[in-house]
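Chemist: no sequence on this one, just coordinates:
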């Protein structure tokens, strides 16, 4: 067996994982955030479209292989397409027709939508489908779609861009046989036929890191792209590739995978192994939430309107001061803060992600809302663990009617290292938390800021605007102290 010539690697030995620097998705996300998510581009492969119901590249090629009497496991997929349609324009047109029929009823996944909303300037993809375009359109985000050199030359580099290296099925001109790259000869001539796109890839590799999603380890066409990374491996940032490893029972495939994973390190690519494809969505959600900026997380709920004026005034001031607001969607509190926020902030595509509601999967509300919605976990506890993360300042306000939920939220927030700013006189529980947090606030605030904190231990009814102003002094003191922002 050819594998017997590799005695130095024992694939059944768990220590191999240690030697290959295995990283989980959360660690990879935090590294991207530490380098700066705006310094990254996404590279999207065919695996990202499978979650929306489109066939894999292998499944698309399989009928052509069967007609030729060959096995897709024995021949590179692009070579099969070379044999099948390389000189047959009618077969090429039929492929386009069938693919378009699938696209008509296919919608982008939540992962596509999160990619669209992240602050990256460019998304590279080898996919022909229009799922990314649909995701950008759904969220009213202006994006340029570039599928050939002519479009790149005339593009506006100040806009977000999707560069479709292998063409776009929806931009296809049936008079030109080479606009969609399907065959081996087209892959071989890529740099010659699309020199400007190839050059732009080189520029991005030199200046950016890449996040690879939906890319198969046995995709021979990715090797050319990785070779570009290899040629510029000392430039740019470390790149990350998220993937599901083969099952251990698939011995031959597992051996190939381990060798491939080891080899990627020379391209400055770290492989991030996933337990399920859902972790790609969780990875993207983590990036989305953590890259939001000065972020407030709301704790608490109310069944009355007593707290609505205070929450409204607080929302106004947060909106005027470039904050982001995240909440669990609790009635009255979240809605009142959002109402004040949008009173001062234009509701448009530049601001829509500044208000984010977190719901458990399958949860939500029928109340009208303005902002983004993210679903985390199968229950409230899991959702709260994702909502109350250490980079956020938590505002506790509630009338005490749902004390168990408030207590769990405070416990999770504290466990995740969040600081809590409580509206003291809202109820007995918020008064308790206010007093418990006082010493920690005193240790970080200036004298003037701490005087504002002390004024929060007073009644706010009829004084909601002044109370909210004092809250903002404390909030700004927090972000000055911990994050160096004002």
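Modeler: Alright, I've got the coordinates. Just so it is clear, the structure is predicted and the values come from calculations on it, not from any experiment. Residues are numbered from 1 along each chain as shown.
Chemist: Mind naming the longest helix for this structure?
Modeler: The single longest helix within the chain, with elements called by DSSP state H, is helix 464-483.
Chemist: Packing partners of that helix?
Modeler: Under the contact definition 3 or more C-beta pairs under 8 Å, 6 or more residues apart in numbering; DSSP states H and E, helix 464-483 sits against helix 308-320, strand 393-396, strand 419-422, helix 447-454. Bear in mind the C-beta positions are built from the backbone N, C-alpha and C, glycine included.
Chemist: With mean pLDDT as extra columns, can I get the ones you listed in TSV?
Modeler: Output for the helices and strands packed on helix 464-483, formatted as TSV (pLDDT from 0 to 100):
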stretch	mean pLDDT
helix 308-320	95
strand 393-396	95
strand 419-422	96
helix 447-454	97
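Chemist: quick check: angle from the helix or strand harbouring residue 341 to helix 464-483?
Modeler: Using DSSP states H and E, residue 341 sits in helix 333-344. Computed by axes from the mean of the first three to the mean of the last three C-alpha atoms, to 10 degrees, the angle separating helix 333-344 from helix 464-483 equals 90 degrees.
Chemist: got the contact list for helix 333-344?
Modeler: For helix 333-344, the external contacting residues (C-beta atoms under 8 Å, 6 or more residues apart in numbering) are 298, 300-302, 307-309, 311-320, 325, 327-328, 354-355, 357, 367, 369-371, 397-398.
Chemist: dump the residue contacts of residue 445.
Modeler: 453, 474, 477-478, 481.
Chemist: and which of these is nearest residue 161?
Modeler: Nearest to residue 161 among the contacts of residue 445 is residue 478, at 36.7 Å by C-beta to C-beta.
Chemist: Chain neighbours aside, what residue packs nearest to the closest one?
Modeler: residue 393 (5.2 Å; C-beta to C-beta, 6 or more residues apart in numbering).
Chemist: just checking, the one you found touches residue 298?
Modeler: No: if you go by C-beta atoms under 8 Å, residue 393 and residue 298 don't touch, sitting 10.4 Å apart.
Chemist: Which one's more surrounded, those two?
Modeler: More neighbours surround residue 298 than the other of residue 393 and residue 298, with 28 against 20 (other C-beta atoms under 10 Å).
Chemist: can you give me the angle the host helix or strand of residue 432 makes with helix 464-483?
Modeler: Secondary structure assigned from DSSP H and E places residue 432 in helix 428-442. Per the same axes, to 10 degrees, the angle that helix 428-442 makes with helix 464-483 is 40 degrees.
Chemist: contact partners of helix 428-442?
Modeler: 300, 396-398, 400, 403, 406-407, 410, 419-425, 450, 453, 456-457, 474.
Chemist: Can you show me the helices along the stretch 51-200 of the chain?
Modeler: 57-68, 77-85, 89-103, 110-117, 131-138, 149-153, 184-188, 190-193, 195-207 (DSSP state H, counting those that start in this stretch).
Chemist: Tell me how far stretch 301-310 lies from the chain's centre.
Modeler: From the chain centre to the centre of stretch 301-310 is a distance of 33 Å (C-alpha atoms, centre = their mean, to the nearest Å).
Chemist: who's in contact with the residue nearest to residue 397 when sequence neighbours are not counted?
Modeler: Distances taken as C-beta to C-beta, 6+ apart put residue 423 closest to residue 397, at 4.3 Å, once the chain neighbours are dropped. By C-beta under 8 Å, 6+ apart, residue 423 lies in contact with 307, 310, 395-397, 430, 434, 456, 460, 467, 471.
Chemist: Return the per-residue confidence for residue 423.
Modeler: If you check residue 423, the pLDDT there is 96.
Chemist: Repeat that for residue 426.
Modeler: Looking at residue 426, its pLDDT is 93.
Chemist: Please apply the same query to residue 62.
Modeler: At residue 62, the model reports a pLDDT of 87.
Chemist: coming back round to it: what subset of the contacts of helix 428-442 is buried?
Modeler: Applying 16 or more other C-beta atoms under 10 Å to the contacts of helix 428-442, the neighbour count classes 300, 396-398, 400, 406, 410, 419-425, 450, 453, 456, 474 as buried.
Chemist: so where's the stretch 251-400 of the chain uncertain?
Modeler: 292-293, 329-331, 349-350, 362-369, 391 (pLDDT under 70).
Chemist: And the helices in it, which stretches?
Modeler: Counting by DSSP H, counting those that start in this stretch, the stretch 251-400 of the chain has helices at residues 251-264, 278-290, 308-320, 333-344, 380-387.
Chemist: chain center to the longest helix of the chain: distance?
Modeler: With C-alpha atoms, centre = their mean as the basis, helix 464-483 stands 30 Å off its chain's centre.
Chemist: Tell me which residues are up against it.
Modeler: For helix 464-483, using C-beta under 8 Å, 6+ apart, the contacting residues are 294, 296, 309-310, 312-314, 316-318, 321, 323, 391, 393, 395, 419, 421, 423, 441, 444-446, 448-449, 452-453, 455-456, 458, 460, 485-486.
Chemist: got it, and stretch 99-115?
Modeler: Under the contact criterion C-beta under 8 Å, 6+ apart, stretch 99-115 has outside partners 42, 44, 48, 51-55, 60, 123, 128-132, 134-135, 138-139, 169-170, 213, 280-281, 284-285, 287-288, 375.
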